[in-house]
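Student: predicted model and sequence follow; I will ask about them next.
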There are 4 protein chains.
Amino acid sequence: MSDETYPPISAQLDDVAAAREEGRRKMDWALQHMPILSALREEFEAEKPFEGQRVGMAMHVEAKTANLVETLAVGGAEVAITGCNPLSTHDDVSAALDAHEDITSYAKRGVDDDEYYAAIEAVVDHEPTVTVDDGMDMVAAIHEDHPELIDSILGGCEETTTGVHRLRAMDADGALKYPVFAVNDTPMKRLFDNVHGTGESSLATIAMTTNLSWAGKNVVVGGYGYCGKGVAKKAAGQNANVIVTEVEPRRALEAHMEGYDVMPMAEAAEKADVVLTTTGNRDVVTAEHFERMKDGVLLANAGHFDVEVNLDELDDLAVDRYEARDGVEAYEMADGRRLNVVAEGRLVNLAAPIALGHPVEVMDQSFGVQAVAVRELVESAERSSADGGDPYDPGVHDLPDELDREVAEIKLEAEGVAHDELTADQEEYMGSWQHGT
Amino acid sequence: MSDETYPPISAQLDDVAAAREEGRRKMDWALQHMPILSALREEFEAEKPFEGQRVGMAMHVEAKTANLVETLAVGGAEVAITGCNPLSTHDDVSAALDAHEDITSYAKRGVDDDEYYAAIEAVVDHEPTVTVDDGMDMVAAIHEDHPELIDSILGGCEETTTGVHRLRAMDADGALKYPVFAVNDTPMKRLFDNVHGTGESSLATIAMTTNLSWAGKNVVVGGYGYCGKGVAKKAAGQNANVIVTEVEPRRALEAHMEGYDVMPMAEAAEKADVVLTTTGNRDVVTAEHFERMKDGVLLANAGHFDVEVNLDELDDLAVDRYEARDGVEAYEMADGRRLNVVAEGRLVNLAAPIALGHPVEVMDQSFGVQAVAVRELVESAERSSADGGDPYDPGVHDLPDELDREVAEIKLEAEGVAHDELTADQEEYMGSWQHGT
Amino acid sequence: MSDETYPPISAQLDDVAAAREEGRRKMDWALQHMPILSALREEFEAEKPFEGQRVGMAMHVEAKTANLVETLAVGGAEVAITGCNPLSTHDDVSAALDAHEDITSYAKRGVDDDEYYAAIEAVVDHEPTVTVDDGMDMVAAIHEDHPELIDSILGGCEETTTGVHRLRAMDADGALKYPVFAVNDTPMKRLFDNVHGTGESSLATIAMTTNLSWAGKNVVVGGYGYCGKGVAKKAAGQNANVIVTEVEPRRALEAHMEGYDVMPMAEAAEKADVVLTTTGNRDVVTAEHFERMKDGVLLANAGHFDVEVNLDELDDLAVDRYEARDGVEAYEMADGRRLNVVAEGRLVNLAAPIALGHPVEVMDQSFGVQAVAVRELVESAERSSADGGDPYDPGVHDLPDELDREVAEIKLEAEGVAHDELTADQEEYMGSWQHGT
Amino acid sequence: MSDETYPPISAQLDDVAAAREEGRRKMDWALQHMPILSALREEFEAEKPFEGQRVGMAMHVEAKTANLVETLAVGGAEVAITGCNPLSTHDDVSAALDAHEDITSYAKRGVDDDEYYAAIEAVVDHEPTVTVDDGMDMVAAIHEDHPELIDSILGGCEETTTGVHRLRAMDADGALKYPVFAVNDTPMKRLFDNVHGTGESSLATIAMTTNLSWAGKNVVVGGYGYCGKGVAKKAAGQNANVIVTEVEPRRALEAHMEGYDVMPMAEAAEKADVVLTTTGNRDVVTAEHFERMKDGVLLANAGHFDVEVNLDELDDLAVDRYEARDGVEAYEMADGRRLNVVAEGRLVNLAAPIALGHPVEVMDQSFGVQAVAVRELVESAERSSADGGDPYDPGVHDLPDELDREVAEIKLEAEGVAHDELTADQEEYMGSWQHGT
């Protein structure tokens, strides 16, 4: 990289027009199934809440995210974006975004480290007033290298568990200098993304990677948190015989009371036809388990990092190792057993060759929350300057509950699902109750 | 009632021996299916943690509770108990308890108001050092009429939602003078009692009261909190077509994403074969709904109070009203439609003629938590006098999480369910993660 | 018994009026939930298809059956009925039926053998032209003792598996002298009665007899025919962990592919919290299994005869035996384990003290088929005399498929469920397909 | 094509070695999950039941089928095979088969009509003694053009519904000159293939083609036969809200009693998020339905032919039509609604770009039945020549039940699932029962 400004994607592709057309096709498909963003887009287009704002983003640039980006742009924002992972960008989608007059996209697949950071720098050069992150790259770049921008930044949004944890650590150290919404922690994200999104997409990805069936299979689910519950429920719904492993006794009891078999991994390993980890911890499946497994077992991971199945230990035990199928690596043991690792033990619904990430509808919910969070940052600043009241302090903030609820309402309305409202009498009854009588 | 001391149950029955035998038979059956209390009983019998303590209780005196009472007594406590509702006492169980040398039971079914309070007074006369309540009668009696006892009281436990809410109100007013554990709020109670206990027992009670089937029925579940989720899940598990009504959009969305139909009650009422309310609120089903219902619909309530189905409005609309079946009252409309109210709209798994309350295993969990909560009150006082550390302050306290977990562990062990433990490396990994890296 | 005519129930009760009122109340409740019989009743009342016919019946005389009886009577038949089991009659319902001018009911609970057969004889004295049986008592009485009636009999209907098997044996021997419809074998009965009726009512009866929960329990289902499938499905729907035992490998595989654990009873016995047999065979649970069971296990039977759990062997092993709870007998082993037999190992949804038999809706389907079967016997005779065509030959007949379908249509219409019809083009397509092209 | 003999695949590929390696890798993966074929292979290898036989096959030549072919070859047969569809052959698998010294494979993807039939002719030239068909190509070629071979043919096996129907038509006309087993009709195929195979693979294929989720979706299942039941059950297991359309009232009632919504397609079309047809009939979804559908609906077919969704009518209504995504064609209506047809309305689990056909385990069951059926043809001939008994007559035959059971036993044993056996007493009890007592 020279010192020159890093160029947007449109300057980097050979056939920009074709890429834009293909990227737009992908975006259109997703948008068709994103009722929340569609509704917000309409609202933002009419009300232009982001007029005068500059949004700096570092996210996975693919069709679903692109619709969030465009939703902000139609709301009046100028958006600059780059990727948050060098391998997750779809160049065609990036080009389609870059075609928008209020959007500049620097995201490009396969960039090297220098390029990666140059692209972030290019986004920062737009002097964002709001940041939107999937892993706090933008927050970090500004705090570390451009503290001069902080005063004019209204705030940020963070999408991921990892990002939020790190931001909380910064916050605890007094190092976080502007307010950031922990979008990751909202009920709208947690309840649906993990249970339905991870559950369905992990199983479908494995089925279509292996051509295998779930019916009658012993499916060992490592961990019974939200993701584990989702995977267990969806696997049972395909007639698998679900076995759960856990370390927390009440979660173990929950799984037991649900009707699942619960046992230690050492015992489950012997029965497993499939092991799918969702714990967020390391070394859930290790040498002692590999030694007990049946020939042909599938090993996959639906947790964030690729540390749940200990592949180093597996590799040590193996006498041979080969690609048994696209997305499946077979580790052959000395006794002839083959242990099949799907998608290298990485997050299976993202890392398998045919993986598509979370379903569109699930991202619609997360991005709907992002969109109202950005709106809230802008509006809180306006409220603050209007009435002199308090904007959000620097630090990590939960999204106000009514905004999360608003997104739920938008979704329900889009799906044509009506629900009851509390009557005044009922509100009083609940109130009197909760405050004692 | 004269001024004389209120007599225990044994002095009030004609054939005490027969009652005791029958009561014991009921207790034995329950204990056989209460692995947690059985295990704690064994532990307490060996260690006598309650030696020197006097426990004053006001609870539903039936077989399940009786095993909690006896568990405390074998642990060294002197227990005095009376009922917390004049209609819920089983005299035979009360007599069986009273036969124990360390237990005095004043509970008797069908007492009048004077007798009810005289019995509470009789318990207070034992000068309890610990109170165990199901509706805070004991706490109230002591705070209002015997404040002199407060100094020697280590603390109390409260079983119900209502009781806990009122205690929190007292606490907020600075009126609660000793520590009370909100046993009602522990995960071990909330997760299992509401989902599995209410769900299963409500449906089985209705089925056996009506001789009707669930398959293919439109079952309208009012409210999608823990109870509503339990009822919906168990009804779907009997092949009902579940319809959910809600006022909170995210719960409505949760129900929708689960695959249930969600709609306002006004619309659901037209489709309903059964309506089962679980909201904790009043007027969930009212005149506007009754007018749209089909002939033969069943109306029942699984919420705490009998205010969810508005029977006054139903009675106003009805031209006739008769007992259609034991536990079912038919309200006949002018147009001939019959709306059938089960168990007078009161908590159906308790109030129907054949109702048995929560399943034994569910109460085992709640009472297991009660038992360790009492132990904690005693031990915290001992720790405090030993090391001069802090006992619990006056006020409402959540049960320490490790005690709730202990109960889960006991249950799992009793069921023969083993689970994994975190390794040191895993603990470190989780820790590093949670504190940021 | 003297030689005099056996008297109808009304002549045998003290307070006939009260009995009739109570019987009518029971019938009304049931009819309210019997849409098929209700619809047929309306049709029959208008068209009087049974004018001039005399129907002789031997069935369980309780509320559900009574509505079938009355449905035939309002259609113009004279009906005489008695019980098919001395213990299953509800005298009040019998009296309510007997109050109808076209019905004579001889059924009385607790009759001795002489009275039982005298009552059958009394029904035969009415010289029935159609018989309706639940166990072929009527067919047997006529063939054995009143062959002179056979010529004027149009045919019969048989409700039970047992009855149909015996009739087929008679038929094979050339001993069956008039046509009998095997109502038991129709899809409308088999698909719903066994799966939904047996499944739901067995589980609800056990839950309300024991006050126990299903969640997390190991429920061993003996046999995976229609009944076993129903029990397994409904138990899984209450979050039990279902274990299936089978002798037929394809059924075992079906259960396995459904996600259930499948194993021999000897192994299942060790895990069982509940064993529920549905095989139709004997000695499904025997000494070798009792020896391996856990303390507190429940043993129940949902198969027709009480031979599935071998109680003789259990009794031999037991050192004590006592009523642990109404409807539950505990067998205590030498090592202290208690094995709890529900309802004496007899058909649990009928024999438990609180049992109500099949749900009303399920019997509505069976009896709806009975009603159209009787109509078909009458109409076929009319068609035959009109066009000289063939009536049904003597022997066992399957009910014509279109009549079974008609009953399904009535039910769907009553429930407000519409469905598609084949277009002419579709019929042709299917036809061309099925006959080859 | 010249008159010369049609060459095997190995003579037609450029890099045969590479193809063989890749084909072998695919076969290995499949075989690892085909326990039935694996077990039979071992048995056949030891016993060589097919020694001296020549098997002529026309099937889809891909990894799963290839393992059946090789299983026959290791059992001593000489096998010649070609494809049964010009587009379903995997050349690499074909090459891997052809590498076997006892197998000649003529199957090649993308052949023209002349080549297709030349390849069949080439197989016939091997003078098969047994035929194995997937669509009766082999039977037809022999009966039409090589009747001289019929005398030496022991019999055939037919895999498909279509093939069996046509064979039955030939049989009815007296035109079928050797015995053919209707492998398609065995319980082992019907129960698992349709319910689990079609259900799981259709849903996974749609999910991975569209990146959409099932939770909360209105999924309209056209038809409630075995396939429809499978699709409905698996969709409900992913938390879809299932709506069933049917023409047969008892199936409609079955679906209703299962808890699904049942309605005519005209009504269902308005609610549908996804329509999936499984009827086997034509014009299940037509113009009147398209007109009522929501924007964004998915239309897919899991029935055999592409006639269920009437695409001609859809095309007439559309103002535009474009590829919305690989495997999804959007039809845009005049009012802007987009109706998305997946895989051109052809069998979705085969025709979508990413489709893999039935899961491996399901085909293992079907091919296991094929393998024992071929063995039975050979053994019956041996038995016949040994004892002069009857071999199978020319015509279509059901596979003897004990052979179907044998395959179930092999599968259960491979999965480590044991089951009970009838005792002599139990067999007698069942026998006495069935023959009357």
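Tutor: That came through, no problem.

Student: what about whichever residue of the stretch 251-400 of chain A sits closest to chain B, neighbour count?
Tutor: Closest residue of the stretch 251-400 of chain A to chain B, CB to the nearest CB: residue A:252 (4.3 Å). For the C-beta atoms, the positions are set from N, CA and C on the backbone; glycine is no exception. Residue A:252: 26 surrounding residues under other CB atoms under 10 Å in any protein chain shown.

Student: that one and residue B:419 touch, don't they?
Tutor: Yes: using CB atoms under 8 Å, residue A:252 makes contact with residue B:419 at a distance of 4.3 Å.

Student: contacting residues around the residue of the stretch 251-400 of chain A closest to chain B?
Tutor: By CB atoms under 8 Å, 6 or more residues apart in numbering or on different chains, the contact set of residue A:252 is A:224, A:244, A:246, A:262, B:408, B:412, B:417, B:419.

Student: how about the secondary structure of the fifth one?
Tutor: Classification of residue B:408 using DSSP: H, G, I helix; E, B strand; the rest coil returns helix.

Student: please identify the helix or strand for the nearest residue to residue A:136 once chain neighbours are set aside.
Tutor: Closest residue to residue A:136 apart from its sequence neighbours, by CB to CB, 6 or more residues apart in numbering or on different chains: residue A:163 at 4.2 Å. Using DSSP states H and E, residue A:163 sits within helix A:161-172.

Student: quick one on the thing from earlier: and the gap between the residue nearest to residue A:136 and chain D?
Tutor: Distance of residue A:163 to chain D, computed by CB to the nearest CB, to the nearest Å: 24 Å.

Student: near chain B at all, stretch A:412-431?
Tutor: Yes: contact of stretch A:412-431 with chain B (CB under 8 Å from any CB of the partner chain) involves A:412, A:415, A:417-423, A:425-426, A:429-430.

Student: return the subset of these lying in strands.
Tutor: Counting by DSSP state E, no part of the residues of stretch A:412-431 next to chain B is found in strands.

Student: in contact with the residue most central in space within chain A, which residues?
Tutor: Residue closest to the mean C-alpha point of chain A, counted by CA atoms, centre = their mean, is residue A:160 at 6.0 Å. Each residue near residue A:160 by CB under 8 Å, 6+ apart is listed here: A:134, A:135, A:184.

Student: unless I'm mixing things up, residue A:224 is touching residue A:230, no?
Tutor: No: applying CB under 8 Å, one finds residue A:224 not in contact with residue A:230, separated by 10.2 Å.

Student: got a list of what residue A:301 touches?
Tutor: For residue A:301, counting by CB under 8 Å, 6+ apart, the contacting residues are A:276, A:277, A:278, A:308, A:309, A:343, A:345, A:346, A:347, A:348.

Student: OK, contacts around the fifth one?
Tutor: For residue A:309, the set of contacting residues under the criterion of CB under 8 Å, 6+ apart consists of A:275, A:277, A:284, A:285, A:299, A:300, A:301, A:341, A:345.

Student: pLDDT wise, what is it at?
Tutor: The model reports residue A:309 with a pLDDT of 98.

Student: can you tell me how far it is from residue A:197?
Tutor: The gap separating residue A:309 from residue A:197 is 21 Å, by CB to CB, to the nearest Å.

Student: cool, residue A:146 as well?
Tutor: Counting by CB to CB, the separation of residue A:146 from residue A:197 is 34 Å.

Student: which one's more surrounded, those two?
Tutor: With neighbours defined as other CB under 10 Å, residue A:146 and residue A:197 compare such that residue A:197 has more, 25 against 15.

Student: ok, now which ones touch that one?
Tutor: A:230, A:358, A:359, A:362, A:363, D:213.

Student: before we move on, what about residue A:396?
Tutor: Contact analysis of residue A:396 by CB under 8 Å, 6+ apart lists A:164, A:167, A:168, A:171, A:176, A:179, A:180, A:181, A:182.

Student: redo the residues you listed as JSON lines? Include distance to residue C:120 and neighbour count.
Tutor: Below are the contacts of residue A:396 laid out as JSON lines (distance: CB to CB, whole Å; neighbours: other CB atoms under 10 Å in any protein chain shown):
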{"residue": "A:164", "distance to residue C:120": "79", "neighbour count": "21"}
{"residue": "A:167", "distance to residue C:120": "85", "neighbour count": "26"}
{"residue": "A:168", "distance to residue C:120": "83", "neighbour count": "19"}
{"residue": "A:171", "distance to residue C:120": "87", "neighbour count": "19"}
{"residue": "A:176", "distance to residue C:120": "90", "neighbour count": "23"}
{"residue": "A:179", "distance to residue C:120": "87", "neighbour count": "22"}
{"residue": "A:180", "distance to residue C:120": "85", "neighbour count": "30"}
{"residue": "A:181", "distance to residue C:120": "81", "neighbour count": "29"}
{"residue": "A:182", "distance to residue C:120": "79", "neighbour count": "22"}
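
Student: so the closest residue in space to residue A:116 that isn't next to it in sequence: helix, strand or coil?
Tutor: Distances taken as CB to CB, 6+ apart put residue A:86 closest to residue A:116, at 5.5 Å, once the chain neighbours are dropped. Secondary structure, three-state DSSP: residue A:86 is coil.

Student: just to revisit the earlier point, surely the residue nearest to residue A:136 meets residue A:135?
Tutor: Yes: between residue A:163 and residue A:135 there is a contact under CB under 8 Å: 5.0 Å.

Student: more neighbours: the two, which one.
Tutor: Shown here are residue A:163 and residue A:135; by other CB under 10 Å, residue A:163 has more neighbours (26 against 18).

Student: farthest-separated two in the contacts of residue A:252?
Tutor: Greatest spacing in the contacts of residue A:252, by CB to CB: A:244 and B:408 (14.1 Å).

Student: please see if stretch A:265-275 touches chain B.
Tutor: Yes: on the criterion CB under 8 Å from any CB, stretch A:265-275 is in touch with chain B at A:265, A:267.

Student: just the CA atoms of that stretch, as CSV, please.
Tutor: C-alpha atoms of stretch A:265-275 as CSV (Å, rounded to 0.1, in the frame of the first residue of the first chain):
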residue,chain,number,x,y,z
MET,A,265,-19.3,-36.1,27.1
ALA,A,266,-17.1,-39.2,27.8
GLU,A,267,-20.2,-41.3,27.8
ALA,A,268,-22.1,-39.4,25.1
ALA,A,269,-19.0,-39.8,22.8
GLU,A,270,-19.6,-43.5,22.6
LYS,A,271,-23.1,-43.1,21.4
ALA,A,272,-22.7,-40.2,19.1
ASP,A,273,-23.6,-40.2,15.4
VAL,A,274,-23.1,-36.4,15.4
VAL,A,275,-21.5,-34.1,18.0
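
Student: how far does it sit from its chain's centre?
Tutor: When distances are taken as CA atoms, centre = their mean, to the nearest Å, stretch A:265-275 is centred 28 Å away from the chain's centroid.

Student: give me the buried positions along it.
Tutor: For stretch A:265-275, a neighbour-count test (16 or more other CB atoms under 10 Å in any protein chain shown) marks A:265, A:267, A:268, A:269, A:271, A:272, A:273, A:274, A:275 as buried.

Student: list the contacts of the residue nearest to residue A:136.
Tutor: By CB under 8 Å, 6+ apart, the residues touching residue A:163 are A:133, A:134, A:135, A:136, A:139, A:184.

Student: distance check, it against chain B.
Tutor: Distance of residue A:163 to chain B, computed by CB to the nearest CB: 11 Å.

Student: and residue A:107, helix, strand or coil?
Tutor: What three-state DSSP gives for residue A:107 is coil.

Student: next: residue A:305.
Tutor: Put simply, residue A:305 is coil when judged by three-state DSSP.

Student: neighbours of it, how many?
Tutor: Neighbourhood size, residue A:305 [other CB under 10 Å]: 15.

Student: what of residue A:175?
Tutor: So residue A:175, with other CB under 10 Å, has 11 neighbours.
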